[in-house]
Structures are given as structure tokens and as C-alpha cells.
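Visitor: next one to model:
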Amino acid sequence: MDREERRGGSGAPAARQLWVEEPATRRRMADPVRTVAVRAVLIVSLTMIQAMIAFFCTMAGSWLAFPMVLSSVGSTVVATWAVLDVWVTRQVWNQRNGVVSEPSSSARRLRRERRRERRAARAAARRGELIRPGKQGRLSELSEF
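Guide: Residues are numbered from 1 along each chain as shown. Modelled structure (predicted):
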């Protein structure tokens, strides 16, 4: 295929988009969960770099090997804590916001029931069937006379 065919045959350059949006296959993570996940990735990557440096210092017989190994052990504890923090934050966010991936989620069922009740109340208010307690008492008193 030559240059002329790629341009569309008319001699004018074909317009190509620099950015093509594709639909997301998964839903976006919640902001707090994403923040904690980014922090965990940074901590884990720094820990791995530190462990590599400790290994190379040990192989080279450097005086820096012992402090690096000690700090690598500490960093491993911190990295484990960060990864657990992602898991806990995700679980807490799911529980607070009622987002469960199962269709039979109790949170969804409750939300559906509340929505149904609100619709019924609005429909009743539109039809005028909603009787306010204060007016009902006065009307029953007047009907006795």
C-alpha cells in the first residue's frame, strides 16, 4: 500500500485520532481505595528495590549490606501492612456503600424496597389519597355534629 492509498486517494492527509476511548471492562475503584492502592504499590516497589540493593551489597561484601538488610526487613513489614490496608479499605467501602457484586445483595434489596415505597407515596400524594393526621382529626370532629 503506497502513501496515496493510505491518505484516501484524494491527496489530502487522512485524519487520525490520537485518542480512542474504549468502554471500560471493569468499574472504576472508589477514590479511597484507589488512593490506598497507589500508596501500597509505591511502598511495595520501593521495598523491592531496597531488597535488591541489599542483595547486591551483600554479594559485593559492602559495609552497607547489614543496614540495608535490616531496613529491608522493616520495609517488608510496612509493605505487608500497606497491602492489607488496601484489602481492609475496600471491604469497609463496600460495606458502607452497600455495593456487593452479587445480584441477591441485601443492600440492593433494601434500596429497591425503599425506592418502591417512595414511588407509592408520591403516587398517593398525586392522587390526593394522602390524608394528613391533623386534618383528619378535625374532619372527624365536625362529622359528629
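Visitor: contacts and neighbour counts: CA atoms only from here.
Guide: OK.
Visitor: for this protein, which spans come out with low pLDDT?
Guide: Along the chain, the model assigns pLDDT under 70 to residues 1-14, 99-106, 129-145.
Visitor: what segments of it are helices?
Guide: With DSSP state H as the definition, the chain shows helices at residue ranges 3-6, 31-60, 65-97, 106-127, 133-144.
Visitor: among these, which is nearest residue 16?
Guide: Ranking those by their distance to residue 16 (criterion: Cα to Cα) puts helix 3-6 first, at 11.2 Å.
Visitor: how about the helices of the chain in JSON lines, adding distance to residue 17 and mean neighbour count?
Guide: Below are the helices of the chain laid out as JSON lines (distance: least, Cα to Cα, whole Å; neighbours: other Cα atoms under 10 Å):
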{"stretch": "helix 3-6", "distance to residue 17": "15", "mean neighbour count": "12"}
{"stretch": "helix 31-60", "distance to residue 17": "29", "mean neighbour count": "16"}
{"stretch": "helix 65-97", "distance to residue 17": "36", "mean neighbour count": "15"}
{"stretch": "helix 106-127", "distance to residue 17": "40", "mean neighbour count": "12"}
{"stretch": "helix 133-144", "distance to residue 17": "64", "mean neighbour count": "9"}
